[in-house]
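*Asks:* Starting from these lines, generate the structure:
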Amino acid sequence: MEKYRTLRTGLWATIGAGLLAGYGLSAAVNQAIATPQAKSASKRKRITTKKPRAKSAATPKPFNGNVRVSPIPLTEGSNVIYTVNKDGELEWHKHIMKVGMVTVPGTKVRKRGIVHTMTPPRQIGIGWASGMRQVHPGGQKTIYGITDAGALRWFRHDGYQTGIFNWAQDTVVGKNWQSFRKVIGMDSGVLYGWSPNGELRWYKNINYTNGQGRDMDWAAHVVGKHWNFQDIFGGGNGVLYAVTEDGKLMWYRHRNYLNAVRVLEDVPQTWQLSWDGPKQVGTGWDQFINIFSPGNGEIYAIKPTGELMYYQHIGWRNGATIWGEHAVVAKGWADYATTFARIKTDDPMP
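*Replies:* The predicted structure follows:
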C-alpha cells in the first residue's frame, strides 16, 4: 500500500522507492508521416533552424549564431519551474524576464534586451523521488505524479505564484499508468500516454482543477501510431514537439486536443482532420538530457554539463521556423531527477 505523509496542512508527499522514467530513451524512428534521414557520424552538436529560403536584401535576416531569429518586440514575463533533486525534495524556481541592458555575446557592446533572473530554489515538498516514477504538469496549478504501482495522483499547488507551502489534498485519479514510456503533460487536464510501441494515447481529466470525481472519469482515445522518437514534450494548446534520433525537432499540433477523436491508421482522413504537421523546426536537439515547455513557444533544455537553456519559438502556433532569443538562464541543473515547468496556456484571462 502506498504511504504518504504531510509536511504541513494539505501538503502530501510520496514515500517509497521509485525511478523517473521516460527521458533519454532511444527508439528507431519509423514515423508514419515523415521518416528522418539516418543519423550521421558527423552530427553537429548545436541548435539550428531549417535554412530559410532566399529573401530580398531589404528583408531583415538577423542571426545569432545558433538560430535564425525574428526582430520582435521585447516581452517581459516569468515561468515557474519545478525540480526534484536526488534526495526527493520538490523545489520551486521562478525564471523572471525583464527588459534591460545586456551585453552582446563575444563583444563589449551593450544594447536593450531581456535580462534573465532565476530566483533561489524553495523547498515545497519531500519524498518526490521515492515511489514516484514520473511527475508532470496538468495545466494551471495541477501536477500529476505516477507511482511505481501505476496510480495517477493529482496534486494542486495553490502557492505556485510565490513558492509557498500551500497545497490542496492529493487524490488518486487514475490507475495502471506504469506501462507508458512517458506521460506528456498538456494544459486543460489533457495528458498523452506514449507507449514503448509508439502508440500515442490521449486522456482528459474533466476534474483537473479540483481533483474531484472518480478515477475513471477520463475521456481516452488512441490518437497516433509510430511515434518512435527519442523524446516528446508538450508545448501547450495542443502543440507537441518530438526529437528524432538524429536530433531534428519536429512540430505537431493536435487541433482538437480538448475533445479528441480516435485516429485510425487505415483511415488517413482521421489523422488529417486531427493533426497539423509534422514540420521540422530545428536540429541538434538530441544533445539535451531533458527538454520541457511552459507553453507559448518557450522551451527549456538542460545540457549534460548542467546549463539550463531558454529558447523562444516564435512560430509555435503554426510550426514556422522562426525563433527569438536564446540564453543560458542557470547552471548546475544536470543532477535533478525530474524537471518540468508549470503549463500556463490555460490560465484564466486577467
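*Asks:* May I have the phi/psi pair for Thr270?
*Replies:* Backbone geometry at Thr270, expressed as degrees, to the nearest 10, gives phi -70, psi -40.
*Asks:* Rounded mean pLDDT for stretch 237-244, please.
*Replies:* Confidence for stretch 237-244, expressed as mean pLDDT, is 98.
*Asks:* For that stretch, list the C-alpha coordinates in PDB.
*Replies:* The C-alpha atoms that make up stretch 237-244 are tabulated as PDB, following Å, rounded to 0.1, in the frame of the first residue of the first chain:
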ATOM      1  CA  ASN A 237      -2.600  24.500 -26.800                       C
ATOM      2  CA  GLY A 238      -2.200  21.100 -28.400                       C
ATOM      3  CA  VAL A 239       1.300  21.600 -29.600                       C
ATOM      4  CA  LEU A 240       3.700  18.600 -29.300                       C
ATOM      5  CA  TYR A 241       7.400  18.700 -30.100                       C
ATOM      6  CA  ALA A 242       9.200  15.400 -30.900                       C
ATOM      7  CA  VAL A 243      13.000  14.900 -31.100                       C
ATOM      8  CA  THR A 244      14.200  12.400 -33.700                       C
END
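*Asks:* Quick one: the helices in the chain, in order.
*Replies:* 268-274 (DSSP state H).
*Asks:* pull the longest strand from it.
*Replies:* Of all the segments assigned as strand in the chain under DSSP state E, the longest by residue count is strand 90-103.
*Asks:* so what's the nearest residue to His221 once chain neighbours are set aside up against?
*Replies:* In space, His221 comes closest to Arg262 once its chain neighbours are excluded; the distance is 4.4 Å by CB to CB, 6 or more residues apart in numbering. Any C-beta I mention is one placed from the backbone N, CA and C, and that applies to glycine too. When contacts are counted by CB atoms under 8 Å, 6 or more residues apart in numbering, Arg262 is found next to 221-223, 270.
*Asks:* out of those residues, which is most surrounded?
*Replies:* Using other CB atoms under 10 Å as the contact criterion, the top neighbour count among those goes to Val223, which has 23 neighbours.
*Asks:* Does that residue touch Val263 like I think?
*Replies:* Yes: with contact defined as CB atoms under 8 Å, Val223 and Val263 form a contacting pair (4.8 Å).
*Asks:* Residues in contact with both of those two, list them for me.
*Replies:* Counting by CB under 8 Å, 6+ apart, the shared contacts of Val223 and Val263 are Ser274.
*Asks:* per-residue confidence at the residue positioned nearest the centre of the chain?
*Replies:* Residue closest to the mean C-alpha point of the chain, counted by CA atoms, centre = their mean, is Phe292 at 2.9 Å. According to the predicted model, the pLDDT of Phe292 comes to 99.
*Asks:* Also Arg44?
*Replies:* Model confidence at Arg44, expressed as pLDDT, equals 40.
*Asks:* In strands, which of the contacts of Arg262 fall?
*Replies:* Counting by DSSP E, the members of those that fall within strands are 221-223.
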